[in-house]
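> Sequence isn't available, so here's the structure alone:
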């Protein structure tokens with residue numbers, strides 16, 4: 001679920017912060033803008049900002065064999081994907097969180113393997129956030145914020 005107080009798009013344009021991680025045009029294939037202006041980098045907050053109303057929830061699930069500390073580390077690394085996709089992220093007005101779970105089906109190297117798994121998870125989290133916004137529709141009530149597709 002993506003309901004961050006920060007923005008997943010760059011400025012008022014159609015570009016996603018997660019654009020470098022996009023695969024096969026999964027969220028429009030627009031890439032990044034040709035240049036970044038100060039206005040694009042300014043903080044943009046949406047709606048009425050309270051910690052009760054704004055959060056992004058992520059669950060990363062893998063078939064790797066992970067101990068509880070390794071699963072915690074995976075969640076920490078995967079949380080990087082939020083920073084790649086939401087600007088700003090982890091604000092005092094957000095309840096952003098990442099959980100990790102593992103089925104334990106496949107052994108994994110505890111250092112390099114876990115690091116690579118976290119890297120892939122972070123990229124996937126960034127992509128999932130942008131894809132969620134790209135595919136979303138506006139809520140069906142008066143005064144609801146328009147969806148990305150309604151604006152672009």
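Done, it's in. Just so you know, these numbers come straight off a predicted model, no measurement behind them.

> From now on I want contacts and neighbour counts done on CA atoms only, so please keep to that.
Will do.

> so where's the protein shaky on pLDDT?
1, 47-52 (pLDDT under 70).

> Could you point out the helix or strand that follows the top helix by length along it?
Longest helix of the chain, by residue count under DSSP state H: helix 112-135. Per DSSP states H and E, the first helix or strand lying C-terminal to helix 112-135 is helix 148-151.

> Can you work out which other helices and strands pack against that following helix?
helix 112-135 (3 or more CA pairs under 8 Å, 6 or more residues apart in numbering; DSSP states H and E).

> give the contact list for residue 90.
residue 96 (CA atoms under 8 Å, 6 or more residues apart in numbering).

> part of a helix, is residue 58?
No - if the criterion is DSSP: H, G, I helix; E, B strand; the rest coil, then residue 58 is strand and not within a helix.

> one step back: in the longest helix of the chain, what's buried?
By 16 or more other CA atoms under 10 Å, the buried positions in helix 112-135 come out as 114, 117-119, 121-131, 133-134.

> swap in stretch 70-89?
Here stretch 70-89 shows 70-89 as buried, counting by 16+ other CA under 10 Å.

> who are the neighbours in contact with the closest residue to residue 117 other than its chain neighbours?
If you skip the residues right next to it in sequence, residue 117 has residue 74 as its closest partner in space, 7.4 Å away by CA to CA, 6 or more residues apart in numbering. Shown in contact with residue 74 (CA under 8 Å, 6+ apart): 100, 114, 117-118, 121.

> same thing with residue 138?
144-147, 150.

> Need the max-distance pair from the contacts of residue 74.
The most widely separated members of those, counting by CA to CA, are 100 and 114 (12.4 Å).
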